[in-house]
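Novice: pasting the structure only:
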């Protein structure tokens, strides 16, 4: 099928929003229609080449220094079709992406440490995690990578069934996109890494998407005093998500969240009113506006921007 996506052809270049060709899903895979994609700073780091392997290392391996790639890893959408062997999803299911694939079967997954899943370890390897071949292509036939094996900056994408988590169909999919990355990382940093407990004093440095999620994790888990350290005036003023915080003018952490269980738990916190997602979405953008959106992020004008694929 033909769809549209934001593609990076060269490190440092702007995202190119263009038509791409997408193959059908194969065994163990799912075709998604994206509803929303969060604008995570990690994708900006990728655009700048800051997360790329050194050119000399790639050359030694016989790999090009840059392979065209579809951006985006923080997404939500609807299942359109499933490949052979996929029984846990059906067309119409609402899902959130997981920036690290989770097989649920390896030693780490069965030990409660999905965040270091053996399948997820191949996140930056070429091709699909299922068979290392490609489903995404330029219109002239060139293979396209897709960030975190997701490629959420696209109207449609094909992913491994291990890279998505089913959510309640009543959960609004625009704010739900934040459950794919910003919320698990930030909330998990406070709750799992820092082990915030009732009565604690917590300091969070930086109140973008992940920082704001960390503030909420601290609040939900009973921190008595929460101090947000933020040099950007706009973010200091955006206090809706962190009531009770004292903002002090001043100068990504990978959490230990388990996507299959924790995304559902975080969705439940949102539905109960304890976790605030809507307030974190500063602005929605069309896919064609992605470079403007990242300019806004660079200028400190966003807590979290979201690509809303429903905007015409």
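Specialist: Looks like it came in fine. Keep in mind that this is a model prediction, so the values were computed, not measured.

Novice: What segments of the stretch 201-312 of the chain are helices?
Specialist: 209-220, 233-237, 259-271, 290-298 (DSSP state H, counting those that start in this stretch).

Novice: Contacts only, for residue 23.
Specialist: 134-137, 158 (CB atoms under 8 Å, 6 or more residues apart in numbering). Yep, even glycine has a C-beta here, placed from its N, CA and C like the rest.

Novice: related to what we said a few turns ago, export the helices of the stretch 201-312 of the chain to a markdown table and append columns for mean neighbour count, mean pLDDT and distance to residue 20.
Specialist: Below are the helices of the stretch 201-312 of the chain laid out as a markdown table (neighbours: other CB atoms under 10 Å; pLDDT from 0 to 100; distance: least, CB to CB, whole Å):
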| stretch | mean neighbour count | mean pLDDT | distance to residue 20 |
| --- | --- | --- | --- |
| helix 209-220 | 27 | 94 | 27 |
| helix 233-237 | 14 | 79 | 34 |
| helix 259-271 | 19 | 91 | 26 |
| helix 290-298 | 17 | 97 | 14 |
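
Novice: Make CSV out of those helices and add distance to residue 175.
Specialist: Shown next, in CSV, are those (distance: least, CB to CB, whole Å):
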stretch, distance to residue 175
helix 209-220, 12
helix 233-237, 19
helix 259-271, 7
helix 290-298, 17
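
Novice: Out of the ones you listed, flag the one nearest residue 171.
Specialist: helix 259-271 (5.5 Å; CB to CB).

Novice: Can you give the distance of the closest one from its chain's centre?
Specialist: 15 Å (CA atoms, centre = their mean, to the nearest Å).

Novice: Can you pull out the residues in contact with that helix?
Specialist: 96, 98, 100, 102, 104, 114-115, 165, 167-168, 170-171, 175-176, 179-180, 183-184, 187-188, 220, 257, 275-277.

Novice: Tell me which of those residues fall in helices.
Specialist: The members of those that map onto helices under DSSP state H are 175-176, 183-184, 187-188, 220.

Novice: Show me the helices in the stretch 51-200 of the chain, by range?
Specialist: Using DSSP H, counting those that start in this stretch, helices in the stretch 51-200 of the chain cover 55-60, 107-110, 173-176, 182-188.

Novice: for the first one, which positions count as buried?
Specialist: Of the residues in helix 55-60, none is buried by neighbour count under the rule 16 or more other CB atoms under 10 Å.

Novice: which strand of this structure spans the most residues?
Specialist: strand 29-38 (DSSP state E).

Novice: Show me what the next helix or strand after that one is packed against.
Specialist: Next helix or strand after strand 29-38 toward the C-terminus (DSSP states H and E): helix 41-48. Judged by 3 or more CB pairs under 8 Å, 6 or more residues apart in numbering; DSSP states H and E, helix 41-48 is in contact with helix 290-298.

Novice: ok now the helix it packs on, how far from the chain's centre?
Specialist: Centroid displacement of helix 290-298 relative to its chain, using CA atoms, centre = their mean, is 16 Å.

Novice: how much does that helix deviate in direction from helix 41-48?
Specialist: Put simply, helix 290-298 runs at 120 degrees to helix 41-48, going by axes from the mean of the first three to the mean of the last three CA atoms, to 10 degrees.

Novice: And the contacts of helix 290-298?
Specialist: Taking CB under 8 Å, 6+ apart as the rule, helix 290-298 contacts 6, 14-15, 17, 39, 41, 43-44, 47, 71, 153, 283, 285, 302, 305, 307.

Novice: Closest one of those to residue 81?
Specialist: Looking across the contacts of helix 290-298 and measuring by CB to CB, the closest to residue 81 is residue 153, at 20.7 Å.

Novice: which residues sit in contact with that closest one?
Specialist: Contacts of residue 153 by CB under 8 Å, 6+ apart are 5-6, 15, 37, 43, 70-72, 147, 287, 290, 307.

Novice: Tell me the spacing between residue 72 and residue 173.
Specialist: Note on residue 72: its distance to residue 173, by CB to CB, to the nearest Å, is 15 Å.

Novice: And this protein, split by domain according to the record?
Specialist: For the chain, automatic domain parsing gives the domain ranges 2-178+280-308, 182-255.

Novice: Can I get the ones you listed in TSV including distance to residue 263?
Specialist: Shown next, in TSV, are the domains of the chain (distance: least, CB to CB, whole Å):
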stretch	distance to residue 263
domain 2-178+280-308	5
domain 182-255	7
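
Novice: Fine by me, we can end here.
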